[in-house]
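> Here's a sequence, model it:
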Amino acid sequence: MSIHSTEVVILGATPGGIGAALAAARRGRQTVLIEPSAYYGGLMTSGLGMTDIHSLDAAGSVFREYAGKVLAYYTETYGPDSEQVVHCRKGLRFEPSVAKRLLRDMLNAEPNLTLLLSHELASVEMDGNSLHAITVHPLNGGENVTYKARVFIDATYEGDLAAKSGVSYSLGRESRDEWNEEYAGKLYQVFRTKEILPGSTGEGDEWIQAYNFRLCLTKNPDNQVPFRKPANYNRADYSSLVDDVLAGRQKAINEVINIVQIPNGKSDTNNHHNCMLSTDLPEENLNYPEGSREERERIVKRHREYIQGLLWFLQNDEELPAGFREDARQWGYAADEFEDTDHFPPQMYVREARRIHGEYVFTENDARLAPGLGRAPIHYDSIAAGDYGIDSHAARKRDRTGGHLSLEGFMAIGWITEIYQVPYGVMVPQRIDNLLVPVAVSATHMGLGTIRMEPCWMQMGYAAGVAADVSLSSEVTVRRISIDRLQDELLRDNQVITYFKDVELGTETSKAAQYFGTKGFITSYNAELGEPITVAEASRWVSTARRFEGGNRMPCLPATNGILPAGTDMGPRNPKADDLSPSEYWEVNPLLSRSMVRRWSRVAAKALGVNISDQLSEERETVTRGELLVVLYTLLRNARAI
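As a prediction, this is how the structure comes out:
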């Protein structure tokens, strides 16, 4: 057995793992990314060509970089006015083979990064509450390999490294009352109307949402491989569809499976929520999260053959109307995708498995409007933003006895989901000090229903990689790192940690607003950074900022109306003789002036032992909200850097 020492070890070359590896390696950390399968990229290279994010507005850093590469690829290959560019939707839709090529190029560009495929986790070595080393077993033969590191990151969908290290975790669904989640537990919801049906008790249980494969299909006969009947075909798995089709509930194949267009005449094909039997296979994944490799392979095989049988059934079953079958026969597998796995995606969509017990539990309420605020709850330790409606695929198969035309466990509450902050604590497991878990995060079933999307996972992984670097440079555990320093680093890399509707990303003003957006300075989605700020609000901001790391020596704003030019002889003062009292003065002159901020910032910089340049506009006498935030953030960031 060979033994290697490195700085950062990441298990799982999922999008979360790739984000973590790129962040650590780009900071000069010797990084090893280990993937149990023969494939990197997780679902983004295995059929999920329509990424689950509403727009790029809430995305930054590595995912925005990736989406930009997707757009650039289609633009450079087919032309800026091509239909491929239109269908890629600004880089949010892509062919699996393109995702594989682009992610490979991003990984290969990092000299500090080593990618190891087909090596499964065999054992871990603990040193008290720290993970000291892991041993992996090569599936293609050869001796085991041990990696010692100072920081480990579990980026597997299943949370395998965390579990083997002794991290406690949850499986199944919480009840409605456990975390005060309105839509938790047992639930029947009508897909189109969102009506909640009888039988929705809200009880918790051991069920988990269904898995499937995301398919890449095409109607192009020149790039098509026909569907084939699997060896273990069982018509009984699909026979209930005949009644649905004859009753007019499903009129064509695209009402049985959800077919979404991606570039070059291909599709990202998923389960159809308005059909009682589609590509999901509820109930048959319960043993997957904690299963052995052999048990997981059995479950994967069952899911693969089930979907292959469904496609065959839709094209060939004689009890289906001839027109329905003819419509279905237009489709086949894309011949130029997944060529080494018989044109079927190599990785199953593990939507939910273990959920670690971390320093913070993300729930349904973290992605909804917070009471008394104009946005989702504010997290001082936010490291990313999420933008996808909470949903869950079905947990149970069709129950004919209940008379429901909805599947138990399926729900979608996107209309009440807001763009939210992701707290660092969700990836910090309890007890283990040098392990981060940015994929199998600390969340309820409902909370995971939004945070589990690949763009969010990729950015959370990136934050984990940056946190690993901060931990190493600070010589403290990932549990004890400075959140402010971590946020500074993320903002330098254009990570979105606070979303605003009216703020352009990438500017210093945006970074300052996002940082203070995690501290409660701005309580709605509109930052109004161009508006003048009052002295009263500025005073509150300064007083609050003094409590942040590095800001304790920063002086408060003056509490009186002493706004005289520098060097003015004030002479003896008699407050009773003044025309205005201090409180009256601020009522008459409520706005913060440029001269006041300049004098205050010079005093503050001296007190903090830093130098800052003048960042205020000469065009106006008053100071805007954005300008003051930049001054404050510059002072704090420079003070932290000392």
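
> L187 is in contact with P198, correct?
No: the criterion here is C-beta atoms under 8 Å, and P198 misses it with L187 at 11.1 Å. (Each C-beta comes from the backbone N, C-alpha and C, glycine too.)

> Neighbour count for those two, which is higher?
Each of P198 and L187 has its neighbours counted (other C-beta atoms under 10 Å); L187 has more, 23 against 9.

> any idea which element that one lies in?
Per DSSP states H and E: L187 is located in neither a helix nor a strand.

> quick one: it and G204 touch, right?
No: L187 is not in contact with G204 according to C-beta under 8 Å; the separation is 11.2 Å.

> Which pLDDT value does the model give E454?
pLDDT, E454: 96.

> what does G17 give?
98.

> With N254 instead?
97.

> With adjacent residues omitted, what lies nearest to it?
Once flanking residues are discounted, N254 sits nearest to H272: 7.9 Å by C-beta to C-beta, 6 or more residues apart in numbering.

> residues in contact with the one you found?
By C-beta atoms under 8 Å, 6 or more residues apart in numbering, H272 lies in contact with 254-258, 278-279.

> can you list these in TSV and add neighbour count, distance to R355 and secondary structure?
Shown next, in TSV, are the contacts of H272 (neighbours: other C-beta atoms under 10 Å; distance: C-beta to C-beta, whole Å; DSSP: H, G, I helix; E, B strand; the rest coil):
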residue	neighbour count	distance to R355	secondary structure
N254	16	33	helix
E255	17	33	helix
V256	28	31	coil
I257	24	28	strand
N258	19	26	strand
S278	25	25	coil
T279	24	24	coil
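
> Closest one to T45 out of those residues, please.
For the contacts of H272, the minimum distance to T45 (C-beta to C-beta) is 18.6 Å, reached by T279.

> returning to what we had before: just name the closest of the contacts of H272 to A384, please.
N258 (27.2 Å).

> OK, contacts around that closest one?
269-273, 278.

> That one pairs with what?
With DSSP bridges applied, N258 shows beta-bridge pairing to N270.

> quick one: least confident helix or strand in the protein?
helix 582-588 (a mean of 67; mean pLDDT, DSSP states H and E).

> I'd like to know which elements the helix ranked longest in the chain is packed against.
For the chain, the helix with the greatest residue count under DSSP state H is helix 293-316. Taking 3 or more C-beta pairs under 8 Å, 6 or more residues apart in numbering; DSSP states H and E as contact, the helices and strands that helix 293-316 lies on are helix 322-328.

> who's in contact with the helix it packs on?
Contacts of helix 322-328 (C-beta under 8 Å, 6+ apart): 245, 251-253, 311, 314-317.

> By neighbours, which of those wins?
That'd be L311 among those, by other C-beta under 10 Å, with 26 neighbours.

> Is it correct that it is in contact with K229?
No: applying C-beta under 8 Å, one finds L311 not in contact with K229, separated by 9.3 Å.

> where do the contact lists of these two overlap?
By C-beta under 8 Å, 6+ apart, no residue touches both L311 and K229.

> What distance do you get for the most centrally placed residue in the chain to Y515?
When the chain is reduced to its mean C-alpha position, the nearest residue by C-alpha atoms, centre = their mean turns out to be C456, at 1.3 Å. Computed as C-beta to C-beta, to the nearest Å, the C456 to Y515 distance reads 20 Å.

> Same check on D488?
Counting by C-beta to C-beta, the separation of D488 from Y515 is 8 Å.

> Give me the more crowded residue out of the two.
Y515 (24 against 20).

> list the contacts for the more buried one?
487-488, 491, 497-498, 633.

> okay, the contacts of N258 in JSON lines with distance to V167 and pLDDT next?
Shown next, in JSON lines, are the contacts of N258 (distance: C-beta to C-beta, whole Å; pLDDT from 0 to 100):
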{"residue": "T269", "distance to V167": "35", "pLDDT": "98"}
{"residue": "N270", "distance to V167": "31", "pLDDT": "98"}
{"residue": "N271", "distance to V167": "30", "pLDDT": "97"}
{"residue": "H272", "distance to V167": "36", "pLDDT": "96"}
{"residue": "H273", "distance to V167": "33", "pLDDT": "91"}
{"residue": "S278", "distance to V167": "34", "pLDDT": "98"}
